[in-house]
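Asks: Sequence first, then the predicted structure:
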Amino acid sequence: MYRDLPVDKPVAYFCAEYGFDSDLPLYAGGLGILAGDTVKEAADQSFPMVAVGLLYRGGKAKQTIDATGMQNEEDVVIDPVSAGFEHVYDVEDPDQPLFVRVHLTTQDVWARVWKKTINRTTLYLLDTETDQNEPADRKVNHALYFGSEESIVKQQLLLGIGGIKLLTALHIEPRLYHVNEGRPAFLHWQLIRKFMDRNAMSYQEAQTKAKSLTVYTNHTLVRAGNQAYDISLLKKYGTYYADKMGISIDTLLSPGFETDTGKFNLTQFALNSARRASAVSKVHFALSKNIWPQFAWVEVTNGIHMPTWQDEDIAINQHDQTMLWQAHMRKKVALAEFVKTKTGYGYDPNRLVISWARRIVGYKQPNALFEDVVRLSAILKNSAKPVQLLMAGRAHTTDTEAKKMLQKIIEYMQDELADNAIFIPNYDISISKMLTRGSDVWLNTPVPGQEASGTSGMKALSNGVLAMTVEDGWSAEVDWHDIGWSLDGRHLADSFYFRMEHDVVPEYYHRNEQGLPLIWVEKMKRSIALAPRYATKRMLQEYQEMLYA
């Protein structure tokens, strides 16, 4: 499909996180999983792409739950060599490892370079844990999205500026730079400097050229995901670069300067620095155009890497009712055993199993399921038609309210809902795979208008796990009649309980003489058939047609 694209002119894909291995603390959630899936899809399709990110050293990467149900975090030790990363060597001096240098206020921070190659697609990661740095600078990449505002800005400057320096050092000349979410957007500064120095351009000419080579994907409309920083902090770090370009610091910062707040808005900066921006679902596209109408938007709904997320047993047996149900039951048994190993708590896999698993944050509303815990208990503990609730996810390290919400949920699970509700700690890729294969129902409960896309439901869909969802993000694009169930986002708890009592539980336990839930299995088949529409194969093709063109 992409054989005519020049291999020596790849798309440079920049992202702050990449999720492709449960043991590597390089991702925080769906953004990282999407980035990992995109890199794998590019490799599968021989699409010319090079990916750039940061190597985090595992700070605060492991979720633990104490006796009170409160989330805590522990560091994870990562050894890049043992993790399968290779050293990158200097093109000019192949015996020497490659280092890039990024100026941060009064001194340079050094980063050595690691790589992981998937077919012809290479992911490069910058690592500050090197002897050239002072102890404090070695910790720049200690943890993902953790620390002071200044620490986070340092990471973003390292990613954007260091990433361009890395590609230049490797003699890689991309045809396009894809800023996947706002954090890598400072690459624009280094691109401008590069064009000014190499092409003898003015600042304005170089800025125009850099913009013509940059596209941007926005992933959230939630304020916490669209960072705005104190302007004095950006002046502190940007003055050096403004001086090198021969412009004022105000000129350099103007693309991100918010006149109403006086802050530097990273999303505004990314939008002003890109020729085109993409939204990640049709709903997100409409909302983004309404909020930022002055920019050129396209809509490319997110997708999943099917070979990673769709179980082979399910894929092979998807067309036959009996064989599909038998394959599904094998996944359910495997999940029950997995949960017992992870938590010490077991359950009968013949139960109807419903799962909620994603980042713990207010707008995703996991607490809505527990609004009437007496009614929920009656649903779960129906002796004739029992239901098992599984939950997993972690709150951001600094999100105290989300941690308290999770603590209350765990309290309910250990008290009123004991034996029919289990929380699985330290949610990661391996847990996600098991849940999206071995559950019967996948719950999605966001505040309407705040879930830009979401991808966990796509993974469940590919395995015949039926959706029960608020229609937001990608799920608003699907007619859930005869596939799953939609929830009323305005009256979420009542809608959930009603659906469970009148639709979901009766359908699951309605069996024929052979013990098959025929209506249920037909919905499973339709779900699996729909899944390729939400694959990264389609997404990458639409990137090429609408975002990269």
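Replies: Cool, the structure landed.
Asks: Next one: G484 from W442, what distance?
Replies: Distance, G484 to W442, by C-beta to C-beta, to the nearest Å: 8 Å. Every C-beta, even on glycine, is put in place using the N, C-alpha and C of the backbone.
Asks: whoops, I mixed them up, A493
Replies: 18 Å.
Asks: likewise S212?
Replies: From S212 to W442 the distance is 41 Å (C-beta to C-beta).
Asks: higher neighbour count, these two?
Replies: The neighbour comparison of S212 against W442 (other C-beta atoms under 10 Å) goes to W442, with 25 against 10.
Asks: wait, that one sits on T455?
Replies: No. Counting by C-beta atoms under 8 Å, W442 sits too far from T455 to count as a contact (11.5 Å).
Asks: circling back to that earlier point, return every residue with contacts to both of G484 and W442.
Replies: Common contacts of G484 and W442, defined by C-beta atoms under 8 Å, 6 or more residues apart in numbering, comprise L466, A467, M468, T469.
Asks: tell me the contacts of N199?
Replies: E205, A206, K209.
Asks: Which one of these sits in the busiest neighbourhood?
Replies: Neighbour max across the contacts of N199 (other C-beta under 10 Å) = A206, 21 neighbours.
Asks: Assumed that residue was part of a helix.
Replies: Yes. A206: assigned to a helix according to DSSP: H, G, I helix; E, B strand; the rest coil.
Asks: Could you measure from it over to N463?
Replies: Taking C-beta to C-beta, one finds A206 at 49 Å from N463.
Asks: Also N72?
Replies: 32 Å.
Asks: P48 against A12, yeah?
Replies: No. Using C-beta under 8 Å, P48 and A12 do not qualify as a contacting pair, with a distance of 10.1 Å.
Asks: Show me where the stretch 101-250 of the chain has its strands.
Replies: Listed in chain order, the strands of the stretch 101-250 of the chain (DSSP state E, counting those that start in this stretch) span 107-118, 121-127, 176-180, 214-217, 228-230.
Asks: and the fourth one, which strands flank it?
Replies: Right, strand 214-217. Paired neighbours of strand 214-217 in the sheet (DSSP bridges): strand 176-180 (parallel), strand 276-279 (parallel).
Asks: now that strand, how far from the centre of its chain.
Replies: 17 Å (C-alpha atoms, centre = their mean, to the nearest Å).
Asks: Not counting it itself, show me its contacts.
Replies: So strand 214-217 is contacted by 176-182, 185, 187-188, 191, 270-271, 273-280, 300, 547-548 (C-beta under 8 Å, 6+ apart).
Asks: Got a quick ChimeraX command for the buried subset of those residues?
Replies: To isolate the buried ones among the contacts of strand 214-217 in ChimeraX, judged by 16 or more other C-beta atoms under 10 Å, type:
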select :176,177,178,179,180,181,182,185,187,188,191,270,271,273,274,275,276,277,278,279,280,300,547,548
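Asks: ok, so what distance separates K342 from G362?
Replies: 26 Å.
Asks: meant to ask about L144
Replies: 21 Å.
Asks: secondary structure element for M329?
Replies: If you go by DSSP states H and E, M329 is part of helix 321-343.
Asks: what's the following helix or strand after that helix?
Replies: Remark: after helix 321-343, the chain's next helix or strand is strand 352-357, criterion DSSP H and E.
Asks: What residues does the residue nearest to L389 when sequence neighbours are not counted make contact with?
Replies: Excluding its sequence neighbours, the residue lying closest to L389 (C-beta to C-beta, 6 or more residues apart in numbering) is A421, at 4.2 Å. For A421, the contact set (C-beta under 8 Å, 6+ apart) comprises L380, Q388, L389, L390, M391, Y412, M413.
Asks: And the next helix or strand past the host helix or strand of W520?
Replies: In this structure, W520 is located in helix 518-530 according to DSSP H and E. Of the helices and strands lying after helix 518-530 in sequence (DSSP H and E), the nearest is helix 536-542.
Asks: Now that next one: buried residues?
Replies: Using 16+ other C-beta under 10 Å as the test for burial, helix 536-542 gives T536, K537, M539, L540, Q541, E542.
Asks: Please list all residues in contact with I429.
Replies: Counted by C-beta under 8 Å, 6+ apart, I429 has contacts G19, F20, D21, S22, I33.
Asks: On the three-state scheme, the first one is what?
Replies: This points to G19. Secondary structure state of G19, per three-state DSSP, is coil.
Asks: Surely it and K40 touch.
Replies: No. Judged on C-beta under 8 Å, G19 makes no contact with K40 at a distance of 10.6 Å.
Asks: These two: which is more packed in?
Replies: More crowded of G19 and K40, by other C-beta under 10 Å: G19, with 23 against 18.
Asks: What's the local residue count around the residue lying closest to R101 once chain neighbours are set aside?
Replies: Among residues not flanking R101 along the chain, D108 sits closest, at 4.7 Å (C-beta to C-beta, 6+ apart). The number of residues packed around D108, counting by other C-beta under 10 Å, is 12.
Asks: P135 now?
Replies: 6.
Asks: On the pLDDT front, check it for me.
Replies: On pLDDT, P135 comes in at 95.
Asks: Kindly provide the distance from it to R57.
Replies: Counting by C-beta to C-beta, the separation of P135 from R57 is 13 Å.
Asks: ok, now R198?
Replies: Distance from R198 to R57, by C-beta to C-beta: 34 Å.
Asks: These two: which is more packed in?
Replies: R57 (23 against 10).
Asks: wait, what's in contact with D37?
Replies: G303, I304, H305, T308, T536.
Asks: Look at L144 and G362 and report which has more neighbours.
Replies: Ranked by neighbour count (other C-beta under 10 Å), L144 and G362 place L144 first, with 23 against 16.
Asks: Touching, the more buried one and G29? I think so.
Replies: No. With contact defined as C-beta under 8 Å, L144 and G29 do not form a contacting pair (10.1 Å).
Asks: Do a quick rundown of the helices in the stretch 401-549 of the chain.
Replies: Per DSSP state H, counting those that start in this stretch, the stretch 401-549 of the chain carries helices over the ranges 429-438, 456-462, 492-499, 505-509, 518-530, 536-542.
Asks: Return the most buried member of those helices.
Replies: Burial of those is given as mean neighbour count (mean count of other C-beta atoms under 10 Å); helix 456-462 ranks first at a mean of 27.
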